[in-house]
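**Q** quick check, what structure comes out for this input:
(one chain, ligands or ions: 3)
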Amino acid sequence: MNNEEINVLLIDDDIVDIRLVKALLKKVKHTRFKVEHICDVNDARLHLAADNHDVYLMDYYLGESDGLELIREARRIGKTTPIIVITGAESEEVDEQVMNAGAADYLPKEELSASLLDRTIKHALERTRYIKKLEYLANRDPLTNLANRAMFEEHLERTLAISKRRNQKFAVLLLDLDRFKEINDTLGHNIGDMLLSIVANRLTELMRKEDIIARIGGDEFTILLSQVENSESVVAICNKILTHLTKPTPINESSLFVSTSIGVAMFPDNADTPIGLMQKADLALYKAKTLGKNNFQFFSEELRTKLQYETEIEKALRLEINTPAFSMYYQPQYNLLDNRLDGFEALIRWDSTVLGKIPPEQFIPIAEKSGLILELGDWIIETVCRQLHEWNKAGYRDLNIAINMSPKQLKKPNFYTHLNEQIIKYNLVPGKLTLELTESIFIDASEHNIGFFKHLKQSGISLALDDFGTGYSALAYLKNFPLDKLKIDRSFVSGPSVGQQEEVINQAIISLAHGLNMQVIAEGVETKEQANLLMQQGCDLAQGLYFNEPLNAELATKLLQKDYGAAS
Ligand code: C2E
Ligand code: MG
Ligand code: MG
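**A** Ligands and ions are numbered 1, 2, ... in the order given. Take a look at the predicted model:
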C-alpha cells in the first residue's frame, strides 16, 4: 500500500476536529491521504450513490443527527465504501450501535493518532476488497467467469421490478447444449470444460453489455435480454446464437461441432414472476429438445396444454403398466404372390381406465422419454413370444411375427439376454421373429452398434427396417446393417397424395431391396388396386385395412383357423 493515494471524505461539523484529523493524516509517511470534508450529514446522504471516495470518516455527533442513518442508507443502496466512525470514549454502547448499523470500524476520539488512523483506514479498505472478492467469487461460475445461478436470479428479480415499473418487456432464454454429455463422456472432461468456456465466450461476444449471461448448470446457460421491443427481436437474437454457436470449434487440432437448444419465455406475456418465467422457458426448452435440437422455441399456452397432457399420459402409463389396460393386437401380413397369410405384426393397444383409448403414436414417444418403454418393451416381448408359442402349439408352426422396437429398448444392457430367454422358454424358432426397427437406430454406425445387430442376426432373428422413406433413408444403412426386410411406409402406399411419383419410388425401393437380398413388405394397403399394383411391382408381402385391421389375440386365432388352412 506504499505511495498510494487514498481519498477520504470527512463528515464532521466541528472545525477543530476537522483540522486535527487532517493534520494527523498528513503526518502519515508513505501514504497520501487526500481529505475532503463536508459538514452536513444529510448532504452526504443525498450524494452517497454517486460519491466515489475510498473511505468515509464520520463524527458520531453531528449536530442534531447521529450519522447512523447515513450508515444504514449506504448499506441499503449497496454502497460498499467503508465508513469509520469517530466516537466518544465514554460510550461502548455507541460503538456497538455503529458497528451493528454496518460501520467498518470505530475510533474513540481521545485515542486518535496518525498511526491509529492510518492502520484503521487501511484495514477497513483491505477488508472491503476482500469481501468484494468473496462476493464476486460467490456470484461467478469459476469455469466460464459468467454469472452463476444465484447472481442470475438476483438480476432476474431486479429486472422484473424495473420492467414492471417502466412497463417494459424482457425475455429469458434457457440454453442447453446438444449432445454435450456425449462429448464429455467420449472426449473427456477437459475437452468438455474447454467447450463450455468457448460457448461462454461466444455468447459474451454476441450479447449486449446490459444482457446477463449465466451458466446455471453443467451445460445449461441462461440469458436475460432486458428491454426487448417484441418477440421478433428475440427471434433474431436466437437465430444469431444458433448460427454463432454452430461454427466449428477448434479443439486440440480437430474441429468440434456444438449446437444448442433454446427455450424462451417473455415478460409479461408468459409470466410475471421469476419462477414462472424460468418454468416456462424450461418447458419451451424441453419442446426444442424433442424437436430435434439446434432450434429455439417460445413458450405458448398451446405448448403448456400439450405438455400437461403428456404429463397426464406419463402418470397414467406408470399407473397402468403391467395391468390388463394394455394388450397386444396382431395385424395380418399376406404374401402377395399366393395371398397366403404369412404372419402378423404385433401392435400394442392401450385402453386406459383414466384417459380412454390412446394410440401408440401418442404414448410410445412418452414411454421412451420417461424410460417406461423398458418395462413396457419387456412385457411386449414376453406377451408376443407367449402368443406365438400358443399358436405353434395349436399347429401354426410357420407363422412369422414382427415386433416393433424402440431404440431405447435395444440399448438396454440385457436386451439380447431377455429376448433369448423368451425364445428358449417358449421354444421358438428365432427366424420366425422379426424385429421392426426405425431409422434413428442406424444413425449410430459405430462398430459397436453394427456389431450388436450382426450378433442378433447370427442368432437367427430377422431384422426389418420400418417406415422406409419417411426418415433419412440413407442407403448406407442398407449396406452396413444386416437387414432382412424393408417396410415401405404407408404414406407411399395409401393416402390422398399418393400418385405416380410414389409408384416410381416404390418400384425403385423394391428393386433396390431385392438387389440387396431383402424382402419388401408394404404397409397401409387399403384397396385392391394398391395390392395389385404392389404385387405387379414385385413387392413380396403386404398388410393393411384392405386385408385386415389389427386383431386381438382371439380374433387373430379365429383368422388362423379360417385362413391358415388346416393346422398341420
Ligand atoms: P408401424 O409399426 O408403422 O405400424 C403400422 C401402423 O399402421 C399401425 O398403427 C397400424 O394400425 C396402422 N395401419 C394398419 N393398417 C393400415 C391401413 O390400411 N392404413 C393406414 N393408414 N394405417 C394402417 P398403430 O397400431 O397405431 O401404431 C402406430 C405406430 O406405433 C407403429 O407404426 C409403431 O411405430 C408404434 N407401435 C405400435 N405398437 C408398438 C409396440 O408394440 N412397440 C413399439 N415400440 N412401437 C409400437
Ligand atoms: Mg411397425
Ligand atoms: Mg411402419
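**Q** which residue ranges of the stretch 301-450 of the chain form strands?
**A** Remark: strands assigned in the stretch 301-450 of the chain by DSSP state E, counting those that start in this stretch are 326-335, 340-352, 356-358, 400-404, 433-437.
**Q** given the first one, what are its sheet partners and their directions?
**A** Okay, so that is strand 326-335. Here strand 326-335 is paired, per DSSP bridges, with strand 340-352 (antiparallel), strand 541-542 (antiparallel), strand 551-552 (antiparallel).
**Q** ligand 3 is nearest to which of the ones you listed?
**A** Nearest to ligand 3, of all the strands paired with strand 326-335, is strand 340-352, at 8.3 Å by CB to the ion. Where C-beta positions appear, they are placed from N, C-alpha and C, glycine not excepted.
**Q** close to ligand 3, is that closest one?
**A** No - Strand 340-352 is not in contact with ligand 3 by CB under 5 Å from the ion; minimum separation 8.3 Å.
**Q** contacts for that strand next, please.
**A** By CB atoms under 8 Å, 6 or more residues apart in numbering, the residues outside strand 340-352 that reach it are 316, 320, 325-335, 357-358, 360, 363-364, 376, 380, 384, 387, 399-404, 432, 436, 523, 541, 543, 550, 552, 556, 559-560, 563-564.
**Q** just the angle between that strand and strand 433-437, please?
**A** 60 degrees (axes from the mean of the first three to the mean of the last three CA atoms, to 10 degrees).
**Q** on that earlier part again, mind checking the strands paired with strand 326-335 for the one nearest to ligand 1?
**A** strand 340-352 (3.6 Å; CB to the nearest ligand atom).
**Q** and the closest one with ligand 2, contact?
**A** No - Strand 340-352 does not reach ligand 2 (CB under 5 Å from the ion); its nearest approach is 5.6 Å.
**Q** in that strand, which residues are buried?
**A** For strand 340-352, the buried set under the neighbour-count rule, 16 or more other CB atoms under 10 Å, comprises Leu341, Asp342, Gly343, Phe344, Glu345, Ala346, Leu347, Ile348, Trp350, Ser352.
**Q** ok, now stretch 81-89?
**A** Those would be Thr81, Pro82, Ile83, Ile84, Val85, Ile86, Thr87, for stretch 81-89 by 16+ other CB under 10 Å.
**Q** that one - what's its average pLDDT?
**A** Stretch 81-89 comes out with an average pLDDT of 87.
**Q** list the contacts of it.
**A** 12, 17, 21, 51, 53-61, 67, 70-71, 74, 94-95, 98, 102-112, 120-121, 124-125, 127-128.
**Q** show me those residues that map onto helices.
**A** Among the contacts of stretch 81-89, the members falling in helices (DSSP state H) are 17, 21, 70-71, 74, 94-95, 98, 120-121, 124-125, 127-128.
**Q** quick one on the thing from earlier: Gln227: which of the buried residues of stretch 81-89 is nearest?
**A** Taking CB to CB as the measure, Gln227 lies nearest Thr81 of the buried residues of stretch 81-89, at 29.6 Å.
**Q** return the backbone torsion pair for the closest one.
**A** phi -60, psi 130 (degrees, to the nearest 10).
**Q** repeat for Gln537
**A** Backbone torsions of Gln537, given as degrees, to the nearest 10, read phi -80, psi -10.
**Q** could you measure from it over to Leu516?
**A** Separation of Gln537 from Leu516 (CB to CB, to the nearest Å) stands at 16 Å.
**Q** can you name the two of the buried residues of strand 340-352 that sit furthest apart?
**A** Maximum pairwise distance among these (CB to CB): 32.1 Å, between Asp342 and Ser352.
**Q** returning to what we had before: which of the contacts of strand 340-352 count as buried?
**A** 316, 320, 325-326, 328-335, 358, 363-364, 376, 380, 384, 387, 399-404, 432, 436, 523, 541, 543, 550, 556, 559-560, 564.
**Q** in this structure Ile212 contacts His155, no?
**A** Yes - between Ile212 and His155 there is a contact under CB atoms under 8 Å: 4.6 Å.
**Q** any common contacting residues for the two?
**A** Ala147, Leu224.
**Q** the residue in the stretch 251-400 of the chain that ligand 2 sits nearest to bridge partners, please.
**A** Closest residue of the stretch 251-400 of the chain to ligand 2, CB to the ion: Glu345 (5.6 Å). Beta-bridge partners recorded for Glu345 (DSSP bridges): Gln331, Ala402.
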